[in-house]
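A.B. asks: Okay, predicted coordinates and the sequence, questions at the end:
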Amino acid sequence: MTLADPRFAAELLTRTGKAVVFDDVGCLAAWLGENSIAVGSSWVANFAAPDQWLPADSAVYLRSDTLRTPMASGLVALAPGQQADSVRVLLGGTLLTWHDLLAAPHRHAPAPTS
């Protein structure tokens, strides 16, 4: 998969070593809710430093209506602490944990049919 914007990327590795790449953090959470596969690890790109990957369960997630994400989840991953607080002040929204995100994952709207 080609990523349109690496600030929103996520990836999981199965226990068998297969990589599954997502262009939106919300897609990773939704996929995990819809699939029962043995996951080895899950990673998310740090929105404030996209070349830095964070373990999905250690990141903090900002949900904001001001964010235009690839699949319209309005979610970005951030390092916990001052970085997350600073970005929330700039963009508004709500900070969530990984557990919060998995409890209510983003659902994609069905693609329009012609």
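C.D. replies: Good, I have the coordinates. Residues are numbered from 1 along each chain as shown.

A.B. asks: centre of the chain versus the helix or strand bottoming out on mean pLDDT in the chain, how much separation?
C.D. replies: Within the chain, no helix or strand scores below helix 25-34, which has a mean of 90 by mean pLDDT, DSSP states H and E. With CA atoms, centre = their mean, to the nearest Å as the basis, helix 25-34 stands 8 Å off its chain's centre.

A.B. asks: helices or strands next to it in the packing?
C.D. replies: strand 10-14, strand 19-22, strand 39-46, strand 75-78, helix 98-103 (3 or more CB pairs under 8 Å, 6 or more residues apart in numbering; DSSP states H and E). The C-beta positions use only the backbone N, C-alpha and C, and glycine is treated the same way.

A.B. asks: Quickly compare the ones you listed and say which is most buried.
C.D. replies: strand 75-78 (a mean of 26; mean count of other CB atoms under 10 Å).

A.B. asks: Quick check: what element follows it along the chain?
C.D. replies: Remark: after strand 75-78, the chain's next helix or strand is helix 82-91, criterion DSSP states H and E.

A.B. asks: Kindly format the C-alpha coordinates of that next one as CSV.
C.D. replies: C-alpha atoms of helix 82-91 as CSV (Å, rounded to 0.1, in the frame of the first residue of the first chain):
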residue,chain,number,x,y,z
GLN,A,82,3.6,17.3,26.8
GLN,A,83,3.5,16.5,23.1
ALA,A,84,0.0,15.2,23.2
ASP,A,85,-1.2,18.0,25.5
SER,A,86,0.4,20.7,23.2
VAL,A,87,-1.2,19.2,20.0
ARG,A,88,-4.6,19.0,21.7
VAL,A,89,-4.4,22.6,22.7
LEU,A,90,-3.6,23.6,19.1
LEU,A,91,-6.1,21.4,17.4
